[in-house]
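# Sequence plus predicted model, see below.
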Amino acid sequence: VQLQASGGGLVQPGGSLTLSCAASGNVYGLSAMAWYRQALGSQREYIAATTPAGSTNYDDSVKGRFTISTNRTDNTVYLEMNDLKPEDTAVYYCRMYRGGESIASWGQGTLVTVSS
């Protein structure tokens, strides 16, 4: 199984981007889907997750600005990011789970740069 994140780019402060991440390969029985990010020189951090029932959870740093959603038919998770700030600059990664186990390695992620 592979996870391919896309949609990153350069955006000005206050701008918006929507990231997507699709799973390919032998994908089945997905449970939670999540987004993480890693800024240069920092550890990877959790930012958002969603369950098959549709409940969502966000880190306080993105709450009210980011929205996680899924298309489980296509095994895809999205991250809509609004009111972006320079501190949101990072490589963004998705993670998908079957039960409590991740279904794939991290992958390359997608770079988001927030700068004027």
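Cool, the structure landed.
# and C94, what element?
Taking DSSP states H and E as the criterion, C94 maps to strand 90-98.
# Can you pull out the residues in contact with whatever helix or strand comes next after that strand?
Downstream of strand 90-98, the next assigned helix or strand under DSSP H and E is strand 101-102. With C-beta atoms under 8 Å, 6 or more residues apart in numbering as the test, strand 101-102 has contacts from 95-96. Heads up, the C-betas are built off the backbone N, CA and C, glycines and all.
# And K63, how close does it get to A48?
Going from K63 to A48 by C-beta to C-beta, to the nearest Å gives 9 Å.
# Compare these two (neighbour count), which wins?
More neighbours surround A48 than the other of K63 and A48, with 23 against 12 (other C-beta atoms under 10 Å).
# wait, the more buried one sits on L79?
Yes: A48 lies in contact with L79 (C-beta atoms under 8 Å); the separation is 6.5 Å.
# For those two, list the residues in contact with both.
Counting by C-beta under 8 Å, 6+ apart, the shared contacts of A48 and L79 are 35, 66, 68.
# pLDDT and neighbour count added to these, as CSV?
Output for these, formatted as CSV (pLDDT from 0 to 100; neighbours: other C-beta atoms under 10 Å):
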residue, pLDDT, neighbour count
W35, 98, 25
F66, 98, 21
I68, 98, 21
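# which ones among the residues you listed are found in strands?
Counting by DSSP state E, the part of those found in strands is 35, 66, 68.
# For T51, see how far away the residue nearest the centre of the chain is.
Centre of the chain computed as the mean C-alpha position; nearest residue by C-alpha atoms, centre = their mean is W35, 3.0 Å away. The spacing between W35 and T51, counted by C-beta to C-beta, is 14 Å.
# repeat for L40
To T51, L40 is 31 Å away according to C-beta to C-beta.
# just P13 next, same as before
32 Å.
# ok, now L84?
When L84 is compared with T51 (using C-beta to C-beta), they lie 26 Å apart.
# Please identify which of the two sits among more neighbours.
Neighbour totals were compared for L84 and T51, and L84 leads with 22 against 14 (other C-beta under 10 Å).
# Would you mind confirming that the more buried one makes contact with L19?
No: when contacts are counted by C-beta under 8 Å, L84 is not listed as touching L19 (11.5 Å).
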